[in-house]
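Undergrad: Using only what follows, build the 3D model:
(one chain, ligands or ions: 2)
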Amino acid sequence: LKHKSIPDVATVKEELLKKYPTKVARKRAKQIVINDVKDGDVVPEVQANVRTTPGIITMRGCTYAGCKGVILGPTRDIVNITHGPIGCGFYSWLTRRNQTKAPLESSENFMPYAFSTDMQDEDIIFGGEKKLIAAIQEAYDTFHPKAIAIFATCPVGLIGDDIHAVARKMKEKLGINIFAFSCEGYKGVSQSAGHHIANNQIFTHVVGEDDTPKLGEYKINMLGEYNIGGDAFELERVLEKCGITLVSTFSGNSTYEHFATAHQADLNAVMCHRSINYVAEMMETKYGIPWIKVNFIGAESSAKSLRKIAQYFGDKKLIDRVEEVIAEEMPAVYAALEEVKPFTEGKTAMLFVGGSRAHHYQDLFTEMGMKTIAAGYEFAHRDDYEGRKVMPTIKVDADSRNIEEIEVTPDSTRFAPRKSEEDLKRLAEEGFTFKDYEGMMPQMESNTLVIDDLNQYEADKLIELLKPDVFCAGIKEKFSVQKMGVPMKQLHSYDYGGPYAGFKGAVNFYTEIKRLVTSKVWSDLKAPWEENPELSATYVWE
Ligand code: CFM
Ligand code: HCA
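TA: Ligands and ions are numbered 1, 2, ... in the order given. Next up, the predicted model:
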């Protein structure tokens, strides 16, 4: 009933743009798109990965966050030193809830530490290289790690500290792997440039460093899975049950050794394409490891992804085992769905996250019978929205123009292609598509809103006009959404919850969303004087 009077999406778009000056409105109009999937694959064009207009309160983060916080942050045994003011290191220190499980006997878990050079005014004036050298030495003397990574923040690029020269010098002196990332925060238009920088450097300095054989019948890497709220633990459980060997995850619950041996895998399964596609492409070019797109958010999607991995290997033993595992896991999922669906069916959601989750989580909401009426990304590129039709090959994007591109040369003597001609033919006959890459828009219903780089003003307006039953985004949105009386779920950090990936994760998510959409807290939120204004005016004089 509640949704009978909601305005149509065209009116909502108009309302969102109304307050802007003409030039800004014209630009935003290209980033606020009414989805239309009627003609099969052809979706409208959306402008993405462009600079935010100054003055707009964007939800985006910086290049440093994308490099240090996102890609390298979840690795436990590399000492990650932030070269910069203390705030940058502190902000990116585990707020993302990326978890790790170090073996009991190992002391090599540096994630509880925030390493920083704590730059001061005098370092900006006289240069910070000496301080960086001292920090690397101190970290080495204290922890004796196998690797140290250095991350540049905005001032480093501005004053010209040569972090790569420092890395080379200290690598030679200490005899451990030391490498640096020129990921100054201002370098791109968002976190996205940081992903690219991280991908390039981890590929150049670590992948392929360790040839100690990795054993296993079906060896895969999981790319773009960061173990937020324990997601990777659930996927490790499921893969192990299937008999699939996980050589490495980039980079949830990962170690240096995982990255260094990643070139030995037979297949790369890519979860978050946005953040790690560059590594997938480079591994394919250099080592002949093909990649496929998977999605382990949602029980049906998890089953589909497992089947796809099994189909790639084409081994009956694995195909059968995967079916057995799915059959074992699904009853609990169906039971949970039966319980939550009477409460969730027909409800609406809005999803605004970084560059891939708003796409993946739609599957979970669909399983619960909920409709996503508006969704968008902070920093996705057009291919993440529109899907295959704009699938890029590896290239330097506008926002990562300062990145040194690395040379990738296939070495056929050392790295034979992973599949025989015959196998490839079989796969083609079975209709197997390697880069079967769906975007957000082809998957969403028509007459929904797709909004790139949503800002505070538009978020408030959207809620006011469309009143979703749940709003999913991050910490910057959280409290203003709740103040408007709408249940809010963080899809970045999962608040205090998770895992939400895989089969057990799906059950957790259903339960959590049911709790949120049935919660009385939100309908009781109005202060008494808002509901009965006369109360505040009653004053009795004795
Ligand atoms: Fe990929 Fe991510 Fe995301 Fe991302 Fe992120 Fe994240 Fe995200 Mo926050 S790597 S693009 S840069 S799925 S940290 S685990 S939740 S914005 S949608
Ligand atoms: C980042 C990390 C972030 C922020 C989340 C949020 C994450 O982009 O720097 O805004 O709540 O997932 O931790 O995306």
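Undergrad: Where does the protein get nearest to ligand 1, residue-wise?
TA: Gly354 (2.1 Å; CB to the nearest ligand atom). Just so you know, the C-beta spots here come from the backbone N, C-alpha and C atoms, and that holds for glycine as well.
Undergrad: Quick one: residues contacting the residue lying closest to that residue once chain neighbours are set aside.
TA: What sits nearest to Gly354 in space, not counting adjacent residues and going by CB to CB, 6 or more residues apart in numbering, is Glu378, at 5.0 Å. When the contact criterion is CB atoms under 8 Å, 6 or more residues apart in numbering, the partners of Glu378 are 58-61, 190-191, 352-355, 453-454.
Undergrad: average pLDDT across the longest helix belonging to the chain?
TA: If you go by DSSP state H, the chain has its longest helix at helix 316-344. For helix 316-344, mean pLDDT rounds to 98.
Undergrad: Report all helices and strands that that helix contacts.
TA: For helix 316-344, the packing partners by 3 or more CB pairs under 8 Å, 6 or more residues apart in numbering; DSSP states H and E come out as helix 231-242, helix 299-313, helix 502-518.
Undergrad: Need the CA coordinates for the very next helix or strand once past the longest one. CSV is fine.
TA: Okay, so that is helix 502-518. Per DSSP states H and E, the first helix or strand lying C-terminal to helix 502-518 is helix 528-531. Extracted in CSV, the C-alpha atoms of helix 528-531 (Å, rounded to 0.1, in the frame of the first residue of the first chain):
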residue,chain,number,x,y,z
PRO,A,528,6.8,12.8,20.9
TRP,A,529,6.5,16.5,19.9
GLU,A,530,6.8,15.6,16.2
GLU,A,531,3.8,13.3,16.4
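Undergrad: all helices of the stretch 51-200 of the chain, in order?
TA: 63-64, 86-91, 121-126, 129-143, 154-159, 163-174, 192-205 (DSSP state H, counting those that start in this stretch).
Undergrad: Tell me which of these sits most buried.
TA: The highest mean neighbour count among the helices of the stretch 51-200 of the chain, using mean count of other CB atoms under 10 Å, belongs to helix 63-64: a mean of 31.
Undergrad: counting contacts, what elements does that helix pack onto?
TA: Packed next to helix 63-64, using 3+ CB pairs under 8 Å, 6+ apart, are helix 192-205.
Undergrad: burial of Thr245, as a residue count?
TA: Burial of Thr245 is recorded as 17 neighbouring residues (other CB atoms under 10 Å).
Undergrad: Then the one 10 residues further on?
TA: Here the count is done by other CB under 10 Å, and Thr255 has 23 residues near it.
Undergrad: got a pLDDT number for it?
TA: Reading off the model, Thr255 has pLDDT 97.
Undergrad: Gln443 too?
TA: Value for Gln443, per-residue pLDDT: 87.
Undergrad: what's the next secondary structure element after the longest helix of the chain?
TA: strand 348-353.
Undergrad: mind listing what that following strand pairs with, with the direction of each?
TA: As defined by DSSP bridges, the strand partners of strand 348-353 come to strand 371-377 (parallel), strand 470-473 (parallel).
Undergrad: Mind checking if the shortest one is in reach of ligand 1?
TA: No. Contact of strand 470-473 with ligand 1 (CB under 6 Å from any ligand atom) is absent, the minimum separation being 9.7 Å.
Undergrad: before we move on, what about the first one?
TA: No. No part of strand 371-377 sits close enough to ligand 1 to count as contact by CB under 6 Å from any ligand atom; the gap is at least 7.1 Å.
Undergrad: Mean confidence (pLDDT) on that strand, please.
TA: On average, strand 371-377 scores 97.
Undergrad: Relative to the whole chain's centre, how far out is it?
TA: Centroid displacement of strand 371-377 relative to its chain, using CA atoms, centre = their mean, to the nearest Å, is 16 Å.
Undergrad: quick one: contacts of the helix or strand following it?
TA: Where DSSP H and E defines the elements, the next helix or strand beyond strand 371-377 is helix 382-386. For helix 382-386, the surrounding residues in contact (CB under 8 Å, 6+ apart) are 43, 45-49, 273-274, 355-356, 359, 377, 390-392, 437, 439-442, 450, 452.
Undergrad: Repeat the analysis, applying 7 Å as the threshold.
TA: 43, 46, 48, 273-274, 355-356, 359, 377, 390-392, 439-441, 450 (CB atoms under 7 Å, 6 or more residues apart in numbering).
Undergrad: go on, stretch 465-474?
TA: Contacts of stretch 465-474 (CB under 7 Å, 6+ apart): 2, 6-7, 12, 15, 59, 347-353, 361, 373-374, 463, 481, 486-492, 513, 516-517.
Undergrad: Briefly note if that stretch comes near ligand 2.
TA: Yes. For stretch 465-474 and ligand 2, the contact criterion (CB under 6 Å from any ligand atom) is met by Gly474.
Undergrad: Next, the buried residues of that stretch.
TA: 466-474 (16 or more other CB atoms under 10 Å).
Undergrad: what does stretch 426-434 give?
TA: Those would be 427, 434, for stretch 426-434 by 16+ other CB under 10 Å.
Undergrad: mean confidence for that stretch?
TA: On average, the pLDDT along stretch 426-434 is 83.
Undergrad: Kindly report the same for stretch 285-305.
TA: Computed over stretch 285-305, the average pLDDT equals 93.
Undergrad: same thing with stretch 526-542?
TA: So the average pLDDT for stretch 526-542 ends up being 68.
Undergrad: what number of residues lie near the nearest residue to Glu345 once chain neighbours are set aside?
TA: Leaving aside its sequence neighbours, Glu345 sits nearest to Gly369 (CB to CB, 6+ apart; 3.6 Å). The local packing of Gly369 (other CB under 10 Å) involves 15 other residues.
Undergrad: and the gap between Gly369 and Glu464?
TA: 25 Å (CB to CB, to the nearest Å).
Undergrad: Repeat that for Lys169.
TA: Taking CB to CB as the measure, Lys169 falls 57 Å from Glu464.
Undergrad: do Pro342 as well
TA: For Pro342 relative to Glu464 (CB to CB), the value is 28 Å.
Undergrad: Over to Ile176?
TA: 55 Å.
Undergrad: One more: Gly73?
TA: Applying CB to CB to Gly73 and Glu464 gives a distance of 35 Å.
Undergrad: and the chain, which residues reach ligand 2?
TA: Residues of the chain lying near ligand 2 (CB under 6 Å from any ligand atom): 61, 65, 69, 95-96, 191, 354, 474-476, 490, 492-493.
Undergrad: cutoff 8 Å now
TA: Within reach of ligand 2 by CB under 8 Å from any ligand atom, the chain has these residues: 59-62, 65-66, 69-70, 91-92, 95-97, 191, 228, 353-354, 378, 473-478, 490, 492-493.
Undergrad: Weed out the non-buried ones from these.
TA: 59-62, 65-66, 69-70, 91-92, 96-97, 191, 228, 353-354, 378, 473-474, 476-478, 490, 492-493.
Undergrad: follow-up on the earlier one: buried ones among the contacts of stretch 465-474?
TA: For those, buried by 16+ other CB under 10 Å: 12, 59, 347-353, 361, 373-374, 463, 481, 486-492, 513, 516-517.
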